[in-house]
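[1] Output the structure for:
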Amino acid sequence: MGSLFEGDAPRPLADRLRPQALEDVVGQEHLVGPDGALRQMLETGRLTSLILWGGPGCGKTTIARLVAERSGLAFEPLSAVFSGVADLRKVFDRAKDRRAAGQGTVLFVDEIHRFNKAQQDGFLPYVEDGTVVLIGATTENPSFELNAALLSRARVFTLNRLDAEALERMLARAEALEERPLPVTAEARRAMLAMADGDGRYLLNMVEALYGMGTTTPMDAQQLAKAVQRRMPVYDKSAESHYNLMSALHKSLRGSDCDAALYWLGRMLAGGEDPLYVARRLVRFAYEDVGLADPAACQQALAAWDTYERLGSPEGELALAQAVIYLATAPKSNAAYTAYKAAIRAAKETGSLMPPKHILNAPTKLMKDLGYSKGYAYDHDAEDGFSGQNYFPDEMARLPLYEPVERGFERELRKRQDYFANLRAKRRKAERE
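    Residues are numbered from 1 along each chain as shown. You can find the predicted model right below:
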């Protein structure tokens, strides 16, 4: 029960502007709009347990509360950061009592991914028997962070990052509530939307801070930056964003989009990513996606790694940027990567076939008697430095593993491959004749 004066206590702007109906939620029309999946679920009366996955400040808590109200269920909020097993037991006990009285319960667990696997398993019997409808909120990919058993009993809804249009609607609501325009120029207003980075709560906190300053002269973008501290980009080196941005960098490099690759590099470094991790991935890219189309690519990547280790930040980051530019603009080939994978696959399929005896050394008399090294042709003794002998196992047909592309240096390697293939064919023809 609240205190006598609770209604007079100041409430943050974000709380005062919290939507009172699902129709008022901005930026999530795919869920709560007329044809939204969540709206359809509520209108048909088939509410199931849910996992709401989205970034901070996109409306997960608000949607959970409104779903409970629309369904006529009691709302029990918990934070996985501050709650433990004892708190869960109390909630389950209250939910059992309500169920006996004919009322259901929505258990809302914020940051549900912070519960360990055993704690997540603890929800299962209460979800299965209908004691609670579980709504979990998470900023992390549920596929990685939540138990498969729990996921199989819940629908996952992905919430959008709030775009500029949704954030602008929130600004308009704040101005209507305050009955005065924000004291910022049009340019500064756009800067506020960018600084919010898709987080509606952060935007409203900025708005509240600006109103609290009591200024009436509109601030420009520079004055705004001084008045409101810029937030760091949302980036967790141990979570999905780490892999998403690395994937974006890798695929931008593969797609030869130098500008996009530099952007994703900047995003990773600005978010606090370990530059040496980036350096290692650039070396891998050089071998996997550039390969022998430009043999200098791996040298550039290794040099950038070495340079960063010697100079550190921020000077060494320029070396990483240079490597990104080189790799993005280099001709691409995964022929060596593909050849290696094919060789591994063939090795597993063919088992323990012996090399042909003529290419085996014969250090003992017994091995010579068995025919080891007999008939071996020393390539340097051949007129053109090429014997054309078979080096695959006798029981195995020749496999064409390496197929150079017609790009960069590999065009020259293809010519060499074709040259040796022609010589090999001539040797075989001569042997038959």
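
[2] Please report the distance of the most centrally placed residue in the chain from residue 271.
    Nearest to the geometric centre of the chain sits residue 244, at 2.1 Å (CA atoms, centre = their mean). When CB to CB, to the nearest Å is applied, the distance between residue 244 and residue 271 equals 11 Å. (Glycine included, C-beta is placed from N, CA and C.)

[3] Just say helix, strand or coil for residue 77.
    Following DSSP: H, G, I helix; E, B strand; the rest coil, the label given to residue 77 is strand.

[4] Over to residue 94?
    Under three-state DSSP, residue 94 falls in the helix class.

[5] circling back: which strand or helix spans the residue nearest to the centre of the chain?
    The secondary structure element spanning residue 244 is helix 240-254 (assigned by DSSP states H and E).

[6] Next up, the contacts around the closest residue to residue 65 other than its chain neighbours.
    Using CB to CB, 6 or more residues apart in numbering and skipping the chain neighbours, the partner closest in space to residue 65 is residue 75 (5.8 Å). When contacts are counted by CB atoms under 8 Å, 6 or more residues apart in numbering, residue 75 is found next to 64-65, 68-69, 105-106, 108.

[7] re the thing from before, identify the contacts common to residue 244 and residue 271.
    Counting by CB under 8 Å, 6+ apart, residue 244 and residue 271 have no common neighbour.

[8] Count the neighbours of residue 161 for me.
    The burial count assigned to residue 161 is 16, neighbours taken as other CB atoms under 10 Å.

[9] So what touches the lowest-mean-pLDDT helix or strand in the chain?
    Across the helices and strands of the chain, the lowest-confidence element by mean pLDDT, DSSP states H and E is helix 221-227, at a mean of 83. Judged by CB under 8 Å, 6+ apart, the contacts made with helix 221-227 from elsewhere in the structure are 184-185, 187-188, 191-192, 209-210, 213, 219.

[10] Pull out the buried positions in that helix.
    221, 223-224, 227 (16 or more other CB atoms under 10 Å).

[11] and which of those residues is nearest residue 310?
    Nearest to residue 310 among the buried residues of helix 221-227: residue 221, at 38.0 Å, using CB to CB.

[12] Tell me how far the closest one lies from residue 268.
    For residue 221, the distance to residue 268 (CB to CB) stands at 26 Å.

[13] Could you chop this structure up by domain?
    Domain assignment for the chain, taken from automatic domain parsing, gives 28-158, 164-227, 240-329, 352-432.

[14] Looking at these, spot the one closest to residue 16.
    domain 164-227 (6.5 Å).

[15] End to end on stretch 131-149, go ahead and measure it.
    One end of stretch 131-149 sits 17 Å from the other (CA to CA, to the nearest Å).

[16] so where's this protein shaky on pLDDT?
    In the predicted model, the chain carries pLDDT under 70 at residues 1-10, 229-241.

[17] what's the longest helix in it?
    For the chain, the helix with the greatest residue count under DSSP state H is helix 410-432.

[18] pull the CA atoms of it into CSV?
    The C-alpha coordinates for helix 410-432 follow below in CSV (Å, rounded to 0.1, in the frame of the first residue of the first chain):
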residue,chain,number,x,y,z
GLU,A,410,45.3,-15.9,-59.1
ARG,A,411,45.0,-15.3,-62.8
GLU,A,412,48.7,-16.0,-63.0
LEU,A,413,48.3,-19.1,-60.8
ARG,A,414,45.6,-20.4,-63.1
LYS,A,415,48.0,-20.1,-66.0
ARG,A,416,50.6,-22.1,-64.0
GLN,A,417,48.0,-24.7,-63.1
ASP,A,418,46.9,-25.1,-66.8
TYR,A,419,50.6,-25.3,-67.8
PHE,A,420,51.3,-28.2,-65.5
ALA,A,421,48.0,-29.9,-66.4
ASN,A,422,49.0,-29.8,-70.1
LEU,A,423,52.5,-31.2,-69.3
ARG,A,424,50.9,-33.9,-67.2
ALA,A,425,48.6,-34.9,-70.0
LYS,A,426,51.5,-35.1,-72.5
ARG,A,427,53.4,-37.4,-70.1
ARG,A,428,50.4,-39.7,-69.8
LYS,A,429,50.0,-39.8,-73.6
ALA,A,430,53.6,-40.6,-74.1
GLU,A,431,53.4,-43.4,-71.5
ARG,A,432,50.5,-44.9,-73.3
